[in-house]
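Novice: coordinates only, no sequence provided:
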């Protein structure tokens, strides 16, 4: 199944079924969905969640309940700066410094109340929460097509902040769980767990996760636009 065709099928399904939630339309984004709160509650019932002191989450609307639950549970939350445009390319939300959790976990609020940090200023990340357009029970994931989620994992790994044992999860609607085998490549980060409003899926994802930035897949223009990649490339020469 071609990834873009799969995206369109899922976006159409959420839209036509009435299961999509604001922002509309679901197309072209990590889609928000009915039951996002319930999926977040399922995640919060897992051992991986309970044992995590620091999580890294995507900034999208369907994972807003996850970010709020993390701060309220006393977990540090990291979010990427949009498009990794600064060398200090992550925002740290410290639960001891945040009073307005609802505001701090929005995109605008995180920029206002979060502390911008570079990977070498971060603590180890125990749990990665990704947004998805589609997933399968083998751990395959399709995002909206820009590749930042996988790149963020690779950057964290380059700084020793994640490894093969770091649990990776996503929260999605049942309509986003597909039977088609999602095509994957070496730089795609597999999902260990998929949480929907109805169930918790432990996938058959491989034990290994990407160990380096996929340099051959990046153009000079892409690297030039992301300062932390410029730094990593200069250090490996």
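Specialist: Arrived safely, thanks for sending. Since this is a predicted model, take the numbers as computed values, not measurements. Numbers count the residues shown, from 1 in each chain.
Novice: for the chain, what spans make up the strands?
Specialist: Using DSSP state E, the strands found in the chain span residues 20-21, 32-33, 54-57, 76-80, 90-93, 115-117, 127-130, 134-135, 141-142, 167-171, 193-195, 200-202.
Novice: redo those strands as TSV? Include distance to residue 156.
Specialist: Every C-beta, even on glycine, is put in place using the N, C-alpha and C of the backbone. Below are those laid out as TSV (distance: least, C-beta to C-beta, whole Å):
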stretch	distance to residue 156
strand 20-21	29
strand 32-33	25
strand 54-57	7
strand 76-80	9
strand 90-93	9
strand 115-117	12
strand 127-130	8
strand 134-135	21
strand 141-142	17
strand 167-171	11
strand 193-195	18
strand 200-202	23
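Novice: can you put those in TSV and add mean pLDDT?
Specialist: Formatted as TSV, these follow (pLDDT from 0 to 100):
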stretch	mean pLDDT
strand 20-21	98
strand 32-33	98
strand 54-57	98
strand 76-80	98
strand 90-93	98
strand 115-117	98
strand 127-130	98
strand 134-135	98
strand 141-142	97
strand 167-171	98
strand 193-195	98
strand 200-202	98
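Novice: can I get these in a markdown table including mean neighbour count and distance to residue 154?
Specialist: Formatted as a markdown table, these follow (neighbours: other C-beta atoms under 10 Å; distance: least, C-beta to C-beta, whole Å):
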| stretch | mean neighbour count | distance to residue 154 |
| --- | --- | --- |
| strand 20-21 | 20 | 30 |
| strand 32-33 | 22 | 26 |
| strand 54-57 | 24 | 13 |
| strand 76-80 | 22 | 12 |
| strand 90-93 | 22 | 14 |
| strand 115-117 | 14 | 18 |
| strand 127-130 | 25 | 12 |
| strand 134-135 | 25 | 20 |
| strand 141-142 | 24 | 15 |
| strand 167-171 | 26 | 13 |
| strand 193-195 | 24 | 20 |
| strand 200-202 | 15 | 24 |
